[in-house]
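In: kindly generate the corresponding structure for this input.
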Amino acid sequence: MIYILTACFILIFLLFFTSYLLYRGVFYYPPKKHVDPHQIPDDMLYAPYKNAMLPLLLEMEQTPYEEVSISSQDGISLCGRLYLFCPDAPLMLFFHGYHGTFLWDGLGSFRLCKKNHINLLVVDERSHGKSAGQIITFGIRECRDVKSWTDYAAKRFPGKKLILSGVSMGSASVMMASALSLPSSTIALICDCGYTAPAEIIKETIRSFHLPVSICYALLYFGALVFGHFNLSELTALSAVKQAQIPILFIHGEKDSIVPTKMCDELYAACASRKKKQIIPNSQHAVNAMSDFDSYEREILNFLIESGI
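Out: Prediction:
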(Lines give C-alpha, C1' and ligand atoms only; values in the text may rest on other atoms or scores of the structure.)
Protein backbone atom coordinates (compact mmCIF):
# COMPACT_ATOMS: atom_id res chain seq x y z
CA MET A 1 0.00 0.00 0.00
CA ILE A 2 2.83 2.40 0.87
CA TYR A 3 4.25 1.99 -2.65
CA ILE A 4 0.91 2.77 -4.23
CA LEU A 5 0.47 5.89 -2.10
CA THR A 6 4.03 6.98 -2.89
CA ALA A 7 3.48 6.45 -6.61
CA CYS A 8 0.23 8.44 -6.47
CA PHE A 9 1.95 11.26 -4.60
CA ILE A 10 4.76 11.37 -7.16
CA LEU A 11 2.28 11.42 -10.06
CA ILE A 12 0.26 14.22 -8.47
CA PHE A 13 3.44 16.17 -7.77
CA LEU A 14 4.60 15.75 -11.38
CA LEU A 15 1.18 16.84 -12.64
CA PHE A 16 1.23 20.04 -10.60
CA PHE A 17 4.91 20.75 -11.26
CA THR A 18 4.71 20.23 -15.04
CA SER A 19 1.48 22.18 -15.25
CA TYR A 20 3.03 25.03 -13.27
CA LEU A 21 6.10 25.16 -15.52
CA LEU A 22 3.91 25.32 -18.63
CA TYR A 23 1.69 27.93 -16.99
CA ARG A 24 4.73 30.09 -16.20
CA GLY A 25 6.00 29.75 -19.74
CA VAL A 26 2.76 30.61 -21.54
CA PHE A 27 0.59 32.80 -19.29
CA TYR A 28 2.99 34.44 -16.81
CA TYR A 29 4.41 37.73 -18.13
CA PRO A 30 5.78 40.01 -15.37
CA PRO A 31 7.47 43.34 -16.20
CA LYS A 32 10.98 41.85 -16.08
CA LYS A 33 10.07 39.72 -19.11
CA HIS A 34 8.75 42.65 -21.14
CA VAL A 35 10.39 43.52 -24.43
CA ASP A 36 11.82 46.96 -25.13
CA PRO A 37 9.13 48.46 -27.39
CA HIS A 38 11.70 50.66 -29.10
CA GLN A 39 13.74 47.64 -30.23
CA ILE A 40 11.97 46.00 -33.16
CA PRO A 41 12.94 42.30 -33.14
CA ASP A 42 14.86 40.71 -36.00
CA ASP A 43 12.49 37.79 -36.42
CA MET A 44 10.66 36.40 -39.44
CA LEU A 45 7.64 38.64 -38.81
CA TYR A 46 9.18 42.08 -38.38
CA ALA A 47 12.61 41.85 -40.01
CA PRO A 48 11.37 42.44 -43.61
CA TYR A 49 9.65 45.66 -42.52
CA LYS A 50 12.07 46.98 -39.90
CA ASN A 51 13.39 49.82 -42.07
CA ALA A 52 9.83 51.00 -42.75
CA MET A 53 8.75 50.58 -39.12
CA LEU A 54 11.56 52.57 -37.48
CA PRO A 55 10.64 56.01 -38.88
CA LEU A 56 6.96 55.35 -38.10
CA LEU A 57 7.86 54.39 -34.54
CA LEU A 58 9.86 57.61 -34.19
CA GLU A 59 6.95 59.63 -35.59
CA MET A 60 4.56 57.94 -33.18
CA GLU A 61 6.82 58.86 -30.26
CA GLN A 62 7.23 62.49 -31.39
CA THR A 63 3.54 63.14 -32.15
CA PRO A 64 1.81 64.83 -29.18
CA TYR A 65 -0.33 62.48 -27.11
CA GLU A 66 -2.05 62.28 -23.74
CA GLU A 67 -1.28 59.45 -21.34
CA VAL A 68 -4.51 57.97 -20.02
CA SER A 69 -5.35 55.22 -17.56
CA ILE A 70 -8.37 53.36 -16.23
CA SER A 71 -9.05 50.52 -13.80
CA SER A 72 -10.14 47.14 -15.13
CA GLN A 73 -13.19 45.34 -13.79
CA ASP A 74 -10.90 43.33 -11.51
CA GLY A 75 -8.98 46.38 -10.27
CA ILE A 76 -5.89 46.34 -12.50
CA SER A 77 -4.45 49.64 -13.72
CA LEU A 78 -4.57 49.85 -17.52
CA CYS A 79 -2.64 52.49 -19.49
CA GLY A 80 -2.76 53.92 -22.96
CA ARG A 81 -2.02 56.87 -25.23
CA LEU A 82 -4.60 59.17 -26.74
CA TYR A 83 -3.82 60.91 -30.04
CA LEU A 84 -6.35 63.63 -30.88
CA PHE A 85 -5.89 64.47 -34.55
CA CYS A 86 -9.31 66.05 -35.19
CA PRO A 87 -11.77 67.05 -32.41
CA ASP A 88 -14.92 66.16 -34.35
CA ALA A 89 -13.65 62.90 -35.88
CA PRO A 90 -14.41 59.34 -34.72
CA LEU A 91 -12.11 57.58 -32.26
CA MET A 92 -10.36 54.28 -32.99
CA LEU A 93 -9.31 52.13 -30.02
CA PHE A 94 -6.42 49.78 -30.82
CA PHE A 95 -5.44 46.58 -28.97
CA HIS A 96 -2.12 44.79 -29.64
CA GLY A 97 -1.16 41.13 -29.59
CA TYR A 98 0.38 38.57 -27.21
CA HIS A 99 3.79 39.70 -25.89
CA GLY A 100 3.43 42.70 -28.21
CA THR A 101 3.20 46.45 -27.95
CA PHE A 102 1.19 49.15 -29.67
CA LEU A 103 4.53 50.58 -30.86
CA TRP A 104 4.87 47.56 -33.19
CA ASP A 105 1.40 46.22 -33.80
CA GLY A 106 -0.23 49.66 -33.88
CA LEU A 107 2.01 51.40 -36.41
CA GLY A 108 -0.42 50.72 -39.25
CA SER A 109 -3.36 52.08 -37.28
CA PHE A 110 -1.33 55.14 -36.27
CA ARG A 111 -0.37 55.85 -39.88
CA LEU A 112 -3.93 55.34 -41.09
CA CYS A 113 -5.51 57.47 -38.37
CA LYS A 114 -3.04 60.35 -38.59
CA LYS A 115 -3.27 60.46 -42.40
CA ASN A 116 -7.09 60.38 -42.41
CA HIS A 117 -7.72 62.56 -39.32
CA ILE A 118 -9.20 59.81 -37.14
CA ASN A 119 -8.49 60.06 -33.42
CA LEU A 120 -6.63 57.12 -31.91
CA LEU A 121 -6.39 55.50 -28.48
CA VAL A 122 -3.67 52.83 -28.31
CA VAL A 123 -3.74 50.58 -25.28
CA ASP A 124 -1.20 48.59 -23.31
CA GLU A 125 -3.00 45.30 -22.73
CA ARG A 126 -2.97 43.99 -19.15
CA SER A 127 0.45 42.55 -18.24
CA HIS A 128 2.08 44.53 -21.07
CA GLY A 129 3.85 47.88 -21.23
CA LYS A 130 2.80 50.32 -18.51
CA SER A 131 -0.36 48.40 -17.61
CA ALA A 132 -0.34 46.32 -14.43
CA GLY A 133 -0.84 42.59 -14.14
CA GLN A 134 1.29 39.50 -14.65
CA ILE A 135 -1.06 37.04 -16.32
CA ILE A 136 -2.07 36.86 -20.00
CA THR A 137 -5.37 35.06 -20.60
CA PHE A 138 -5.58 35.08 -24.42
CA GLY A 139 -8.70 37.26 -24.39
CA ILE A 140 -10.63 35.78 -21.46
CA ARG A 141 -9.98 38.78 -19.22
CA GLU A 142 -8.65 41.08 -21.94
CA CYS A 143 -12.07 41.26 -23.61
CA ARG A 144 -13.50 42.80 -20.45
CA ASP A 145 -10.68 45.35 -20.58
CA VAL A 146 -11.78 46.17 -24.14
CA LYS A 147 -15.25 46.87 -22.80
CA SER A 148 -13.83 49.00 -19.97
CA TRP A 149 -11.81 51.10 -22.43
CA THR A 150 -14.83 51.45 -24.73
CA ASP A 151 -17.03 52.53 -21.83
CA TYR A 152 -14.35 55.07 -20.85
CA ALA A 153 -14.20 56.46 -24.40
CA ALA A 154 -17.98 56.68 -24.68
CA LYS A 155 -18.20 58.54 -21.36
CA ARG A 156 -15.33 60.91 -22.13
CA PHE A 157 -16.46 61.63 -25.69
CA PRO A 158 -20.26 61.42 -25.64
CA GLY A 159 -21.74 61.07 -29.10
CA LYS A 160 -18.40 60.35 -30.76
CA LYS A 161 -18.39 57.31 -33.04
CA LEU A 162 -16.08 54.54 -31.80
CA ILE A 163 -14.12 51.97 -33.82
CA LEU A 164 -12.51 48.97 -32.13
CA SER A 165 -9.42 47.55 -33.80
CA GLY A 166 -7.07 44.77 -32.80
CA VAL A 167 -4.24 42.55 -33.99
CA SER A 168 -3.90 38.86 -33.08
CA MET A 169 -4.83 38.49 -29.38
CA GLY A 170 -6.11 42.07 -29.47
CA SER A 171 -8.34 41.15 -32.39
CA ALA A 172 -9.71 38.08 -30.60
CA SER A 173 -10.32 40.21 -27.49
CA VAL A 174 -12.26 42.77 -29.55
CA MET A 175 -14.43 40.02 -31.03
CA MET A 176 -15.10 38.50 -27.60
CA ALA A 177 -15.98 41.96 -26.26
CA SER A 178 -18.66 42.32 -28.93
CA ALA A 179 -20.78 39.95 -26.83
CA LEU A 180 -20.49 42.19 -23.73
CA SER A 181 -22.98 45.01 -24.45
CA LEU A 182 -20.66 47.62 -25.92
CA PRO A 183 -21.75 51.28 -26.09
CA SER A 184 -24.21 52.08 -28.87
CA SER A 185 -21.70 54.54 -30.34
CA THR A 186 -19.48 51.60 -31.41
CA ILE A 187 -19.94 51.48 -35.18
CA ALA A 188 -17.37 48.93 -36.42
CA LEU A 189 -14.80 46.30 -35.45
CA ILE A 190 -11.53 45.91 -37.38
CA CYS A 191 -10.22 42.42 -36.63
CA ASP A 192 -6.74 41.70 -37.98
CA CYS A 193 -5.43 38.11 -37.78
CA GLY A 194 -7.62 37.15 -34.84
CA TYR A 195 -8.11 33.55 -33.71
CA THR A 196 -11.32 31.61 -33.13
CA ALA A 197 -10.72 30.70 -29.47
CA PRO A 198 -7.96 30.74 -26.83
CA ALA A 199 -8.02 26.94 -26.71
CA GLU A 200 -7.68 26.60 -30.48
CA ILE A 201 -4.73 28.96 -30.90
CA ILE A 202 -2.91 27.28 -28.00
CA LYS A 203 -3.49 23.87 -29.58
CA GLU A 204 -2.30 25.22 -32.92
CA THR A 205 0.90 26.48 -31.28
CA ILE A 206 1.49 23.14 -29.57
CA ARG A 207 1.17 21.42 -32.97
CA SER A 208 3.74 23.79 -34.45
CA PHE A 209 6.28 22.52 -31.89
CA HIS A 210 5.40 18.89 -32.77
CA LEU A 211 4.33 18.15 -29.21
CA PRO A 212 1.41 15.94 -28.08
CA VAL A 213 -1.58 18.28 -28.23
CA SER A 214 -3.95 16.48 -25.84
CA ILE A 215 -1.44 16.10 -23.02
CA CYS A 216 0.11 19.57 -23.31
CA TYR A 217 -3.20 21.35 -23.62
CA ALA A 218 -4.66 19.44 -20.64
CA LEU A 219 -1.69 20.53 -18.53
CA LEU A 220 -2.02 24.16 -19.68
CA TYR A 221 -5.77 24.13 -19.08
CA PHE A 222 -5.19 22.75 -15.58
CA GLY A 223 -2.47 25.33 -14.91
CA ALA A 224 -4.70 28.20 -16.03
CA LEU A 225 -7.45 27.03 -13.67
CA VAL A 226 -5.29 26.29 -10.64
CA PHE A 227 -2.61 28.97 -10.82
CA GLY A 228 -4.20 31.68 -13.00
CA HIS A 229 -7.78 31.21 -11.84
CA PHE A 230 -9.26 31.46 -15.33
CA ASN A 231 -10.97 29.02 -17.67
CA LEU A 232 -9.58 28.83 -21.21
CA SER A 233 -12.96 27.61 -22.48
CA GLU A 234 -15.02 30.35 -20.83
CA LEU A 235 -15.25 32.59 -23.92
CA THR A 236 -14.46 32.29 -27.62
CA ALA A 237 -14.36 34.76 -30.49
CA LEU A 238 -16.28 32.27 -32.62
CA SER A 239 -19.26 32.15 -30.27
CA ALA A 240 -19.18 35.94 -29.87
CA VAL A 241 -19.37 36.73 -33.60
CA LYS A 242 -22.31 34.35 -33.96
CA GLN A 243 -24.35 36.90 -32.01
CA ALA A 244 -22.58 40.02 -33.31
CA GLN A 245 -24.63 43.10 -34.13
CA ILE A 246 -21.75 45.48 -34.88
CA PRO A 247 -20.25 45.29 -38.42
CA ILE A 248 -16.91 43.42 -38.55
CA LEU A 249 -14.08 43.69 -41.06
CA PHE A 250 -11.88 40.59 -40.98
CA ILE A 251 -8.29 41.04 -42.21
CA HIS A 252 -5.77 38.22 -42.46
CA GLY A 253 -2.43 37.46 -44.04
CA GLU A 254 -2.46 34.77 -46.72
CA LYS A 255 0.73 33.20 -45.33
CA ASP A 256 0.06 33.67 -41.62
CA SER A 257 2.11 30.94 -39.91
CA ILE A 258 0.81 31.62 -36.37
CA VAL A 259 -2.96 32.08 -36.76
CA PRO A 260 -4.07 29.95 -39.72
CA THR A 261 -6.08 31.73 -42.39
CA LYS A 262 -8.75 29.05 -41.99
CA MET A 263 -9.61 30.64 -38.62
CA CYS A 264 -10.46 33.88 -40.40
CA ASP A 265 -12.66 31.89 -42.79
CA GLU A 266 -14.46 30.25 -39.84
CA LEU A 267 -15.02 33.58 -38.10
CA TYR A 268 -16.28 35.24 -41.26
CA ALA A 269 -18.69 32.38 -41.99
CA ALA A 270 -20.07 32.46 -38.44
CA CYS A 271 -20.44 36.25 -38.15
CA ALA A 272 -24.06 37.32 -37.80
CA SER A 273 -23.57 41.05 -38.44
CA ARG A 274 -22.65 42.90 -41.62
CA LYS A 275 -19.19 41.69 -42.53
CA LYS A 276 -16.35 41.81 -45.00
CA LYS A 277 -13.16 39.79 -45.38
CA GLN A 278 -9.82 40.89 -46.82
CA ILE A 279 -6.94 38.43 -47.27
CA ILE A 280 -3.63 40.23 -47.82
CA PRO A 281 -1.58 38.25 -50.41
CA ASN A 282 1.78 36.83 -49.26
CA SER A 283 1.47 38.51 -45.85
CA GLN A 284 2.63 37.00 -42.55
CA HIS A 285 1.16 37.30 -39.06
CA ALA A 286 0.43 40.75 -37.58
CA VAL A 287 2.19 42.71 -40.35
CA ASN A 288 -0.65 43.20 -42.83
CA ALA A 289 -0.51 46.99 -42.50
CA MET A 290 3.21 46.93 -43.26
CA SER A 291 2.95 44.32 -46.02
CA ASP A 292 0.39 46.23 -48.10
CA PHE A 293 -0.61 49.50 -46.48
CA ASP A 294 -2.52 50.78 -49.50
CA SER A 295 -4.89 47.78 -49.52
CA TYR A 296 -5.09 47.86 -45.73
CA GLU A 297 -6.04 51.52 -45.70
CA ARG A 298 -8.48 51.25 -48.61
CA GLU A 299 -10.40 48.31 -47.14
CA ILE A 300 -10.68 49.88 -43.70
CA LEU A 301 -11.77 53.31 -44.95
CA ASN A 302 -14.35 51.81 -47.31
CA PHE A 303 -15.71 49.65 -44.51
CA LEU A 304 -15.90 52.60 -42.13
CA ILE A 305 -17.73 54.69 -44.71
CA GLU A 306 -20.21 51.84 -45.17
CA SER A 307 -20.57 51.70 -41.38
CA GLY A 308 -21.53 55.37 -41.18
CA ILE A 309 -18.31 57.02 -40.13
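
In: ranges for the strands of the stretch 101-250 of the chain?
Out: Using DSSP state E, counting those that start in this stretch, the strands of the stretch 101-250 of the chain run over 119-123, 162-167, 186-192, 248-253.

In: columns mean pLDDT, distance to Tyr20 and mean neighbour count on top of those strands, output as a markdown table?
Out: (Glycine included, C-beta is placed from N, CA and C.) Shown next, in a markdown table, are the strands of the stretch 101-250 of the chain (pLDDT from 0 to 100; distance: least, C-beta to C-beta, whole Å; neighbours: other C-beta atoms under 10 Å):
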| stretch | mean pLDDT | distance to Tyr20 | mean neighbour count |
| --- | --- | --- | --- |
| strand 119-123 | 98 | 30 | 26 |
| strand 162-167 | 98 | 30 | 28 |
| strand 186-192 | 98 | 33 | 26 |
| strand 248-253 | 98 | 34 | 26 |
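
In: turn those strands into a markdown table, columns for distance to Asp42.
Out: Listed next are those as a markdown table, based on distance: least, C-beta to C-beta, whole Å:
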| stretch | distance to Asp42 |
| --- | --- |
| strand 119-123 | 23 |
| strand 162-167 | 20 |
| strand 186-192 | 22 |
| strand 248-253 | 19 |
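
In: out of the ones you listed, the one nearest Ser71 is which?
Out: Each of the strands of the stretch 101-250 of the chain has some distance to Ser71 by C-beta to C-beta; the shortest is strand 119-123, at 13.5 Å.

In: partners of the closest one in the sheet?
Out: Strand 119-123 sits in its sheet next to strand 77-83 (antiparallel), strand 91-95 (parallel), going by DSSP bridges.

In: average pLDDT across the longest one?
Out: Looking back up the chat, that one is strand 77-83. What strand 77-83 shows for mean pLDDT is 97.

In: please renumber the chain so that the first residue is 57 from this point on.
Out: Noted, 57 is the first residue going forward, which turns the last one into strand 133-139.

In: okay, buried residues for it please.
Out: Of the residues in strand 133-139, those with enough neighbours to count as buried (16 or more other C-beta atoms under 10 Å) are Leu134, Cys135, Gly136, Arg137, Leu138, Tyr139.
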